[in-house]
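[1] Next come a sequence and a model predicted from it.
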Amino acid sequence: MYNINYLKLHGDKNKMNTFIHRLRSDFNTQIKLVQLVNLIVSVAGLAYMFATASWGYGLIALVTFLIFGIIGANVGLHRYFSHRTFKVSRPVEIFLAVMGTLTTLGSIISWVAIHRYHHQHADTLEDPHSPRHIGWWKAYTYQWNRANISRKYIRDVASDPVITFLHRHFFKVVLTYVVVLAIINPWLVVFAYCIPATGCLNGVAAVTVIGHIHGYRTYETSDTARNSWIATIFSLGEGWHNNHHAHGYKWKQGEKWWEIDPPSWVIRMIKQ
Ligand SMILES: [Zn+2]
Ligand SMILES: [Zn+2]
């Protein structure tokens, strides 16, 4: 059993008809370590913020979390790269790719591979992170099952030079952002990187778990996906998960008037 979060792109693609998702423990451990450090620094940073009433930093953390979560994770990694629910210009696509990378949820290729595989096999034994099979704790804490994912799942993203660059230089890209923040003001590393990235980690976990166990079902899908307002709050708009599993091709996931969907507001502005 391995955690699936980071995927090393390797091998001669002409020879390989299956893309063996060899989640080498060194890369996997590295990203887990970064996420763990982010979590610890975030808790300390929030404690400092409340203790010293540093609300200016709190506002920076909130705004950056909204940008990371809504644009990087929800619009970028999920609705654009994984599901291709809309089209954008190349500059906007590159911006989404960089923002998606900075969330430190995994490279775009690894995230897309696992996410498409999840939809294909939702709540079966093949699903890497079904709370029904691995339990909510393992699903929430990213202790997901290993999966060998065919290259066909990532053919589009793996053939894009910008996305493969961001995949191969994943940590360097994140580190560059952190160094720039540190030069401007070291506290920004805490409030404009660690806290937003940890917020995204928690948001995706909330959809993975709460979006499959809490809420109502509008559609009788073959999986357990549910529409959950709790998952929606934690993930900044990605919790209408039953609607999404029923209609993965739609860029708008909220359907009823109360199903508020901030990522769709952004998509409405940037889609072509
Ligand atoms: Zn999805
Ligand atoms: Zn799901």
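    Structure's in. What do you need? Residues are numbered from 1 along each chain as shown. Ligands and ions are numbered 1, 2, ... in the order given.
[2] in what helix or strand does His119 lie?
    In this structure, His119 sits in helix 108-120 according to DSSP states H and E.
[3] any idea how far Gly58 is from the most far-flung residue of the chain relative to its centre?
    Here the chain reaches farthest from its C-alpha mean at Thr52, the gap being 31.5 Å by C-alpha atoms, centre = their mean. In this view, Thr52 and Gly58 are 10 Å apart by C-beta to C-beta, to the nearest Å. Every residue, glycine included, has its C-beta placed from N, CA and C.
[4] For the helix holding His119, the averaged confidence score.
    Helix 108-120 shows a mean pLDDT of 93.
[5] do the same with stretch 181-198
    Mean predicted confidence for stretch 181-198 is 98.
[6] Flag every buried residue along that stretch.
    Neighbour counts over stretch 181-198 (16 or more other C-beta atoms under 10 Å) mark 181, 187-198 as buried.
[7] can you put the residues you listed in CSV and add distance to Ile230 and secondary structure?
    Shown next, in CSV, are those (distance: C-beta to C-beta, whole Å; DSSP: H, G, I helix; E, B strand; the rest coil):
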residue, distance to Ile230, secondary structure
Leu181, 31, helix
Trp187, 31, helix
Leu188, 30, helix
Val189, 30, helix
Val190, 26, helix
Phe191, 25, helix
Ala192, 26, helix
Tyr193, 26, helix
Cys194, 24, helix
Ile195, 20, helix
Pro196, 20, helix
Ala197, 21, helix
Thr198, 18, helix
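[8] between those, which is nearest Ile108?
    Ile108 lies nearest to Ala197 out of these, by C-beta to C-beta, at 15.2 Å.
[9] so where is the protein shaky, pLDDT-wise?
    For the chain, the stretches flagged by pLDDT under 70 are 1-27.
[10] One more pass at 80, please.
    Low-confidence segments of the chain (pLDDT under 80): 1-29.
[11] what about the helices in it?
    Applying DSSP state H to the chain gives helices spanning 25-52, 55-66, 90-102, 108-120, 131-134, 136-140, 155-158, 161-168, 170-184, 187-189, 195-213, 229-235, 241-246, 262-270.
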